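Build me a model from this:
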Amino acid sequence: MSRIFVALSAIIAVAVASAPIEIEQSEHVFSRQCKGTVKYAIEFDYNWTPETNPALDFPTVGPVDGPGFSPLVVAGHNKYWTMWAPGGFANRGPEQVAEGGNPMQILREMNRDRNIYDFGAAEGPVAATGMARMEVGLKGETGQTYVSAMSMIAPSPDWFVGIYNVQLCHKGKWVKELSMGKLVGWDAGSSRDGEQFTDLIDPRRNQRVQIQSLGPAFMPFGTARIYML
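Now for the predicted structure:
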């Protein structure tokens, strides 16, 4: 599989009007319905260097003449759809993003899913200390008020950074901005192989497991935020 190259958890600081409110990222805030359509920007500010992540050998290969992250994939959706989540199993689309950075399959899946209001993928990969930015629309009346995103850590076996099921409607008002904290790494669980960034997956040994954090040996790969346009 070609490796064009492209994973967050955190307590989110939610800014509604002037008062910040802290909620867990995976918490669904069931509240009064928001109205109308809005557009948000999702930014992943990457900071992956030998100093910020010294646990493993820093790779010298990658999608942009060195290590980096695959094109950022985003979706605006309702509570009945999930791009990925800790403890779940990656389906084919997210799996292909995590293993090779290829967004085509997940874009096809999202295009035919009525739970999704808006979606897209960035045009190209981003360097290890670059920034990825995508815009996504949401609609209040249909409950499509959630945002999810992911990007492959490249190179890696099937590792990624991302956000999942982020609710942007709080008590009937659209959230102005979310400071989402640190981008931790996740293992998509599509293979048990891989302990180093440059380890390759052996398809003969593939055995899918649940999505889980890469663990404390890995430092965060950057930060992320969402803000209304």
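
The strand or helix carrying I42 pairs with which strands?
Using DSSP states H and E, I42 falls within strand 37-46. Using DSSP bridges, the strands paired with strand 37-46 are strand 131-139 (antiparallel), strand 222-228 (antiparallel).

give me phi/psi at E109?
Main-chain dihedrals, E109, degrees, to the nearest 10: phi -60, psi -40.

quick one, what contacts it?
91-93 (CB atoms under 8 Å, 6 or more residues apart in numbering). In this view, the C-beta of every residue, glycine as well, is placed from N, C-alpha and C.

From the residues you listed, which land in helices?
92-93 (DSSP state H).

Reformat the contacts of E109 as a markdown table; add pLDDT, neighbour count and distance to I106.
Listed next are the contacts of E109 as a markdown table, based on pLDDT from 0 to 100; neighbours: other CB atoms under 10 Å; distance: CB to CB, whole Å:
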| residue | pLDDT | neighbour count | distance to I106 |
| --- | --- | --- | --- |
| N91 | 92 | 14 | 9 |
| R92 | 94 | 12 | 8 |
| G93 | 97 | 21 | 3 |
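
TSV for the contacts of E109, including distance to G120?
Formatted as TSV, these follow (distance: CB to CB, whole Å):
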residue	distance to G120
N91	19
R92	19
G93	14
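
Can you give me the buried ones in stretch 113-123?
By 16 or more other CB atoms under 10 Å, the buried positions in stretch 113-123 come out as 115-122.

And stretch 169-188, by the same measure?
Here stretch 169-188 shows 169-170, 174-181, 183-188 as buried, counting by 16+ other CB under 10 Å.

Let's see the strand holding I42 as CSV, backbone CA atoms only.
Extracted in CSV, the C-alpha atoms of strand 37-46 (Å, rounded to 0.1, in the frame of the first residue of the first chain):
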residue,chain,number,x,y,z
THR,A,37,-26.0,26.5,9.7
VAL,A,38,-22.5,27.5,10.7
LYS,A,39,-19.0,26.9,9.6
TYR,A,40,-16.0,26.0,11.7
ALA,A,41,-12.2,25.8,11.1
ILE,A,42,-10.3,22.9,12.6
GLU,A,43,-6.6,23.4,13.1
PHE,A,44,-4.0,20.9,14.0
ASP,A,45,-0.7,22.6,15.0
TYR,A,46,1.9,19.9,14.8
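
pLDDT averaged over it, what's the number?
For strand 37-46, mean pLDDT is 98.

Contacts for that strand next, please.
Applying CB under 8 Å, 6+ apart, the contact partners of strand 37-46 are 68-69, 72, 74, 76, 126-140, 147, 149, 151, 161, 163, 168, 174, 183, 221-229.

and after that strand, which helix or strand comes next?
Taking DSSP H and E, what comes next after strand 37-46 is strand 68-69.

Quick one: list the elements packing against that following strand.
Packing partners of strand 68-69 (3 or more CB pairs under 8 Å, 6 or more residues apart in numbering; DSSP states H and E): strand 37-46, strand 126-127, strand 146-154.

Direction included, what does it pair against?
Sheet pairing of strand 68-69 (DSSP bridges) gives strand 126-127 (antiparallel), strand 146-154 (antiparallel).

can I get the ones you listed in JSON lines with distance to E43, mean neighbour count and mean pLDDT?
Output for those, formatted as JSON lines (distance: least, CB to CB, whole Å; neighbours: other CB atoms under 10 Å; pLDDT from 0 to 100):
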{"stretch": "strand 126-127", "distance to E43": "11", "mean neighbour count": "21", "mean pLDDT": "96"}
{"stretch": "strand 146-154", "distance to E43": "10", "mean neighbour count": "29", "mean pLDDT": "97"}
